[in-house]
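**Q** give me coordinates for this.
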Amino acid sequence: MCGLSKRLFFGQLATYGVALSEQEKALFSQVFGLEGAPGKLDYLKLDQAFEGEQQHLYALEEYYTVEWERRVFKRIGEYLKRHNQTIEACFDLIDDDGSLTISFSELKQALARFDLRLSDQQVQVFLGRLGEAGKGYISREAFI
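**A** Predicted coordinates for the structure are as follows:
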């Protein structure tokens, strides 16, 4: 089993000025502990919690973060691997109408297929970051 060392994790928190009481550390360990490995934290549980918190912060702050973008691309990459698809095939999968562009609605549907439930606002921001400035779509060239 592979996990994150609790000692290392809590040490890093302390380095950044986050001091947890022993009770808080115990609760954290109870929630995120790696089953069968008492000195380790479960990466997957931590990642899921962090992703949920990122979504919450995004909704509150209405800011696009590099971390949020990285997670979206990671999830798309995982989908492509699972389905043994290339980035070109992914574009074709998303471009439902064959227009060689990806519209807002096509992107939103595709992100849902990738198990990414994003608000309309988040999809719009993502579209703006990937797409042609001010045009409201992503061209095949920009996507690939």
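**Q** least trustworthy helix or strand in the protein by mean pLDDT?
**A** Lowest on mean pLDDT, DSSP states H and E among the helices and strands of the chain sits helix 43-61, with a mean of 66.
**Q** centre of the chain to the helix or strand following that helix, how far?
**A** Beyond helix 43-61 on the C-terminal side, the first helix or strand identified by DSSP states H and E is helix 66-82. Relative to the centre of its chain, helix 66-82 is centred 6 Å away, using CA atoms, centre = their mean, to the nearest Å.
**Q** residues in contact with helix 66-82?
**A** If you take CB atoms under 8 Å, 6 or more residues apart in numbering as the criterion, helix 66-82 is touched by 51, 54-55, 58, 85-87, 90, 111, 113-116, 118, 126, 129. From N, CA and C alone the C-beta is placed, and that goes for glycine too.
**Q** among those, show me the least confident.
**A** When these are compared by pLDDT, residue 58 scores lowest at 54.
**Q** burial measure for residue 137, as a count.
**A** Residues contacting residue 137 under the criterion other CB atoms under 10 Å number 18.
**Q** residue contacts, it?
**A** Residue 137 sits in contact with 101-104, 127, 131, where contact means CB under 8 Å, 6+ apart.
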